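Q: Here's a sequence, model it:
(one chain, ligands or ions: 1)
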Amino acid sequence: MNSERQELDAPTKLVGFVVGIAFLFLAALFVGDKIGPDAQATAAASHTGHDAHDETAAPAAVPAGLQATQDGYTLSLDRSVTESGPEVPVAFTISGPDGAALIDYDVMHTEELHLIVVRRDLTDFQHVHPTRNASGTWSTALDLTRPGPYRLFADFTPAGGENITLGAELTVPGDYRPQPLSTPNVTSRVDGYDVTLAGAVTAGTNSTVSLTIEQDGREVTDLEPYLGAYGHLVALRADDLAYLHVHPEDGPPGPTVDFTVSAPTAGTYALYLDFQHGGVVHTAEFTIEVQEGQA
Ligand SMILES: [Cu+2]
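A: Just a heads-up that it's a prediction; the model follows:
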């Protein structure tokens, strides 16, 4: 604009007048240009707000766990194919926006990073806490006895940042025979415990689910803290293994533990409840149908 303004310094009054008018016109255009995009942005923002209102808290972002790269962070496994076995070593890094392996994490649920592993057919769920070396490489051992594709979810919070869950696939070659997902259930038996699930989950909103734990017909009231709570719940969407964020609610050490679940869509989900009792972590598994939210 500066060069154009210099050209407007014409010598005669007439030309100066005409050019002055032209300058005002150009100035108006310039201001119009400045206002235009802002006005459009404002209109777009209010339009988005309108949609969000219509869909009642529909999440705007892609669900967690479906991407290996998100917000500048990348989960890189040291290999994408590995041998089978009960304790297969697995290593990975999380690189940050600067490309370097991330070494600064915020602790969340008593750990810097939670690694959730499940075979694609939602069996062989594992929840482990790898160890990190000084250069940012995480290492652990996984039970990959059965062949097939496994999804790994790294759930972490960069220091001072937002919680992220990145996903990557690790394949164990062999004769993969996917098991059908169990039909929806409200009771699950594991290691001599009976766990009962109560509460319906509705898409697009926060729902509370309550899990009640019994052993030999007696309510368990001496659950031990696990990851800073009396239970840890993971929910995965069956169609694509989208990873849901679930928050434990404060409460007594049993028999009932409550969680707040937010499912992005209706459909079938697998739930895995980790709880600790008698010094051992047990995992109860459920299949639930999430209901359509009210339009
Ligand atoms: Cu964990």
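Q: And for residue 165, nearest residue in space, chain neighbours not counted?
A: Residue nearest to residue 165 in three dimensions, not counting chain neighbours: residue 64, with 3.8 Å by Cβ to Cβ, 6 or more residues apart in numbering. Where C-beta positions appear, they are placed from N, C-alpha and C, glycine not excepted.
Q: hang on, residue 67 in a helix?
A: No: counting by DSSP: H, G, I helix; E, B strand; the rest coil, residue 67 is located in no helix; its state is coil.
Q: can you pull the contacts of it?
A: 166-167 (Cβ atoms under 8 Å, 6 or more residues apart in numbering).
Q: Then residue 237?
A: 63, 244, 263-265, 267-269.
Q: Quick check: phi and psi at residue 209.
A: For residue 209, the backbone dihedrals (degrees, to the nearest 10) come out as phi -120, psi 140.
Q: so what's it scoring on pLDDT?
A: With respect to pLDDT, residue 209 scores 96.
Q: Could you report the neighbour count for it?
A: 21 (other Cβ atoms under 10 Å).
Q: from what I can see it touches residue 195, true?
A: No: using Cβ atoms under 8 Å, residue 209 makes no contact with residue 195, being 11.4 Å away.
Q: re earlier: secondary structure added to the contacts of residue 237, as JSON lines?
A: Putting the contacts of residue 237 into JSON lines (three-state DSSP) gives the following:
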{"residue": "63", "secondary structure": "coil"}
{"residue": "244", "secondary structure": "strand"}
{"residue": "263", "secondary structure": "coil"}
{"residue": "264", "secondary structure": "coil"}
{"residue": "265", "secondary structure": "coil"}
{"residue": "267", "secondary structure": "strand"}
{"residue": "268", "secondary structure": "strand"}
{"residue": "269", "secondary structure": "strand"}
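Q: before we move on, back to that, in contact with the residue nearest to residue 165, which residues?
A: Residue 64 touches 153, 155, 164-165, 167, 242-245, counting by Cβ under 8 Å, 6+ apart.
Q: Just the buried ones among those, please.
A: 153, 155, 164-165, 167, 242-244 (16 or more other Cβ atoms under 10 Å).
Q: what's the closest of those residues to residue 110?
A: Distance ranking of these against residue 110, using Cβ to Cβ, places residue 155 first at 12.8 Å.
Q: who are the neighbours in contact with that closest one?
A: 64, 108, 113-116, 163-165, 243.
Q: residues touching residue 253, list them.
A: By Cβ under 8 Å, 6+ apart, the neighbours of residue 253 are 221-225, 230.
Q: should've said residue 221
A: 252-255.
Q: 6 Å instead, please
A: 254-255 (Cβ atoms under 6 Å, 6 or more residues apart in numbering).
Q: Let's verify it: helix, strand, or coil?
A: Going by three-state DSSP: residue 221 is coil.
Q: if I look at it, how far off is residue 267?
A: Between residue 221 and residue 267 the computed distance is 35 Å (Cβ to Cβ, to the nearest Å).
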